[in-house]
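S.K.: Here is the input, now give the coordinates:
(one chain, ligands or ions: 1)
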Amino acid sequence: MSLLDSVLDASVAFSFDRTGFRRHARRFVPGDTQVSMRGKTVLVTGANSGIGFAISKALAALGATVHLACRDEGRGQRALETLRAELPTADLHLQLLDVSVLSEVQRFAERLRGPIDVLVNNAGVLPDTLSRTAEGHEVTFATNVLGPHALTSALMPRLVVARGRVITIASGGMLTQKLDLKVLQGDVERFDGVVAYAQTKRAEVILSEQWAVKQPEVTFSTMHPGWADTPAVRSSLPRFYAVMKRLLRTPEQGADTAVWLAVAPRLEGKSGLFWFDRAPAATHPLRWTRESSTDRELLWGLVEAACATATGR
Ligand SMILES: NC(=O)c1ccc[n+]([C@@H]2O[C@H](COP(=O)([O-])OP(=O)(O)OC[C@H]3O[C@@H](n4cnc5c(N)ncnc54)[C@H](OP(=O)(O)O)[C@@H]3O)[C@@H](O)[C@H]2O)c1
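M.R.: Predicted coordinates for the structure are as follows:
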């Protein structure tokens, strides 16, 4: 890496933005994503929009059967129709799923038949006020952490059979956060949506590292997309969007590493890592953000307990 590259990466902005993507893409191996996914089944949550839509489209174009898991039937149907118009021979299926409702996640996983080769936990939210799901969980935590954990658990036997891959879309925002289990669960006096979101992203990465140890048959990856122009960024971070809009990545650029993680043969044997622009990235560039091993175990215990309570397992 040149000195200029190191300086630009250290700036963060010129790494997470579209100029960063173009610079990092110079070291990509093009053949890595020229892989046939025919015969493979993929499930993408939050597939109707932004990065999830771009991932679904890229994997369908490579021949995969893609299940688009969306919470809103109208938005899901529109995404399905757009994809079918662009990829007339693609094997696409709309699935209705609100990932924040753990009992629904369990029922959904039981209904879905056959092996799963790739699960992409992409659905995510960044609300600015605190609210709770009918099951009593803070919405950011339920959507970004509990639901994906419940879905990953419920699909695990089928992921194991397929020696599959689980990819979770995290965020660079987690890099300035140390895991705090109270904040993570919305147990706070003043709610800060950006902090709550970053805590959930930190938790996603830790859980993926733990899954990688517990299930060596499956490859677990987390990635961060940089800063991409998506509906979530426009609505949840309007001031950031106003300043950065010309520099944001396209959804396809934000999705690139997740697509690569889903298909690249060179990923074999590399599980539990956090990736950015097709390269492993440090999870704790700031030392003080390191969580204790006790908190890691408490995190696993609390998500397992929440899933067990909601699903009766
Ligand atoms: N864009 C970025 O710069 C950026 C940076 C870091 C991380 N990320 C992560 O990338 C992922 C995708 O976000 P995006 O930027 O592409 O935003 P987006 O376009 O708003 O996509 C978010 C998707 O998640 C879905 N979703 C939200 N809650 C859901 C639920 N309870 N059940 C099912 N689906 C649900 C949304 O559905 P609706 O359309 O129905 O709301 C939408 O399809 C998120 O995990 C986000 O945290 C994005």
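
S.K.: could you list every residue that touches the closest residue to residue 224 other than its chain neighbours?
M.R.: Setting aside the residues directly before and after it, residue 224 is nearest to residue 172 in space (Cβ to Cβ, 6 or more residues apart in numbering), at 4.6 Å. C-betas here are computed from N, CA, C, even on glycine. The neighbours of residue 172, taking Cβ atoms under 8 Å, 6 or more residues apart in numbering as the test, are 12, 16, 224, 226-227, 276.

S.K.: Name the member of those that has the highest neighbour count.
M.R.: For the contacts of residue 172, counting by other Cβ atoms under 10 Å, the largest number of neighbours falls to residue 227: 28 neighbours.

S.K.: surely residue 271 meets residue 214?
M.R.: No: with contact defined as Cβ atoms under 8 Å, residue 271 does not count as touching residue 214 (10.6 Å).

S.K.: Could you pull out the strands in the stretch 51-200 of the chain for me?
M.R.: Applying DSSP state E, counting those that start in this stretch to the stretch 51-200 of the chain gives strands spanning 65-70, 91-96, 118-121, 165-169.

S.K.: As CSV, those strands with mean pLDDT would be great.
M.R.: Supplementary listing: the strands of the stretch 51-200 of the chain in CSV, determined by pLDDT from 0 to 100:
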stretch, mean pLDDT
strand 65-70, 98
strand 91-96, 98
strand 118-121, 98
strand 165-169, 98
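
S.K.: Figure out which of these is closest to the ligand.
M.R.: Nearest to the ligand among those is strand 165-169 (4.1 Å), distances taken as Cβ to the nearest ligand atom.

S.K.: what are the phi and psi angles of the closest residue in space to residue 178 that isn't next to it in sequence?
M.R.: Nearest residue to residue 178, sequence neighbours excluded (Cβ to Cβ, 6+ apart): residue 289, at 4.4 Å. Taking degrees, to the nearest 10, you get phi -80, psi 0 for the backbone angles of residue 289.

S.K.: show me the contacts for residue 289.
M.R.: Residues near residue 289 by Cβ under 8 Å, 6+ apart: 175-178, 202.

S.K.: Mind putting these into CSV with pLDDT?
M.R.: Conversion of the contacts of residue 289 to CSV gives the following (pLDDT from 0 to 100):
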residue, pLDDT
175, 97
176, 95
177, 96
178, 98
202, 98
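
S.K.: Show me which of those is closest to the ligand.
M.R.: Taking the contacts of residue 289 together and measuring to the ligand by Cβ to the nearest ligand atom, the closest member is residue 175, at 11.1 Å.

S.K.: which of the contacts of residue 289 has the most neighbours?
M.R.: Most surrounded of the contacts of residue 289: other Cβ under 10 Å gives residue 202, at 28 neighbours.

S.K.: Check the residue nearest to residue 178 and give its pLDDT.
M.R.: pLDDT for residue 289: 98.

S.K.: Which of the contacts of residue 289 fall within helices?
M.R.: Using DSSP state H, the members of the contacts of residue 289 that fall in helices are residue 202.

S.K.: Please tabulate the contacts of residue 289 in JSON lines and include distance to residue 57 as additional columns.
M.R.: Compiled in JSON lines, the contacts of residue 289 are given as follows (distance: Cβ to Cβ, whole Å):
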{"residue": "175", "distance to residue 57": "28"}
{"residue": "176", "distance to residue 57": "32"}
{"residue": "177", "distance to residue 57": "31"}
{"residue": "178", "distance to residue 57": "36"}
{"residue": "202", "distance to residue 57": "29"}
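
S.K.: Residue 250: which of the contacts of residue 289 is nearest?
M.R.: Within those, distances to residue 250 taken as Cβ to Cβ reach their minimum at residue 175, with 22.6 Å.
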